[in-house]
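Novice: got a predicted model here, sequence first, then my questions.
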Amino acid sequence: MKIAILSGGNITSKEWLYRRLKGTHRIICVDGGSRYASLLGIVPYMIVGDLDSIDPNDLDYFSRQGVIIKKYAPEKDDTDTALALNEALAQKPSEIMVLGASGTRLDHTLANIHLLRNAAESGVPVSLVDEYNEISIVMPGESRFIDGNPGDLFSLLPLTTEVWGVNVRGARWPLEDAIFTVGNPYGISNRLAGTRASVSIKSGILLLIRTHEHMR
């Protein structure tokens, strides 16, 4: 089961969002992210958050449609997106895609990127997706494949102080047993040499960022 989480960040293309949501089995809205479901005429499975930014008319409509509403107090330790991610993980999905998790609030964007670490430790693939980027995690002992066209961009950044044993194959700039450290971002702007590249690491946690120059 694939779950999509609609957060309240910037999404400018209704057509792009509709395409990305195709094939998902359940949609969980994060508070004001419900406006995107309303815009597309989609009834989500659940709405989560302190409900301080949801349109009251949307809340009333979705409530009448039987949507599960989980309201939390504004004074809480977790962000609304973190609460939604926990709800999604509790349903034992095969994959989670978080949309609208980036925007003008850099602190929220970074917080959402850090949420990927907790999700990765649960063993469920989770990605943050916007109109230009896909962000996911590479954990030790796994091989991640990047499929696309020759020249497609991807970047690698350490999420821990150090990442050891970084192997990148099928890229314009391959790596063998490399070490990534915070403050030395030399994994930026690599490109696919063919139609598939692979990334693996031995220790640490690595961010994989795919940049889609023509994603829209």
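Specialist: Ah, there it is. No experiment lies behind these values; they were computed from the predicted model shown.
Novice: hey, where'd the helices end up in the chain?
Specialist: Along the chain, counting by DSSP state H, helices occupy 14-21, 34-40, 56-64, 80-89, 106-121.
Novice: so what angle separates the directions of the last one and helix 80-89?
Specialist: Which is helix 106-121. Here helix 106-121 points in a direction 20 degrees away from that of helix 80-89 (axes from the mean of the first three to the mean of the last three CA atoms, to 10 degrees).
Novice: returning to that earlier point: the helices of the chain: which one's closest to Ile146?
Specialist: Evaluated over those, closeness to Ile146 peaks at helix 106-121, with 16.5 Å, by CB to CB. All C-beta atoms are positioned from the backbone trio N, CA, C, and that covers glycine.
Novice: point to the residue nearest the middle of this structure.
Specialist: Closest to where the C-alpha atoms of the chain average out (CA atoms, centre = their mean) is Leu128, at 1.4 Å.
Novice: how about it, what does it touch?
Specialist: 98, 101-102, 112-113, 116, 134-136 (CB atoms under 8 Å, 6 or more residues apart in numbering).
Novice: can we see that at 6 Å?
Specialist: The contact partners of Leu128, taken as CB atoms under 6 Å, 6 or more residues apart in numbering, are 98, 101, 112, 135.
Novice: in strands, which of those residues appear?
Specialist: Taking DSSP state E, the ones among the contacts of Leu128 that sit in strands are 98, 135.
Novice: dump the contacts of Leu128 to TSV, plus distance to Val199 and pLDDT.
Specialist: What follows is those, written out as TSV (distance: CB to CB, whole Å; pLDDT from 0 to 100):
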residue	distance to Val199	pLDDT
Val98	20	96
Ala101	22	84
Asn112	21	87
Ile135	13	94
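Novice: that older thread, beta partners of the residue nearest to the centre of the chain?
Specialist: In this entry, Leu128 is beta-bridged to Val98, Ile135, by DSSP bridges.
Novice: picking up where we left off before, so which of the helices of the chain comes closest to Val48?
Specialist: Checking these against Val48 by CB to CB gives helix 80-89 as the closest, at 4.4 Å.
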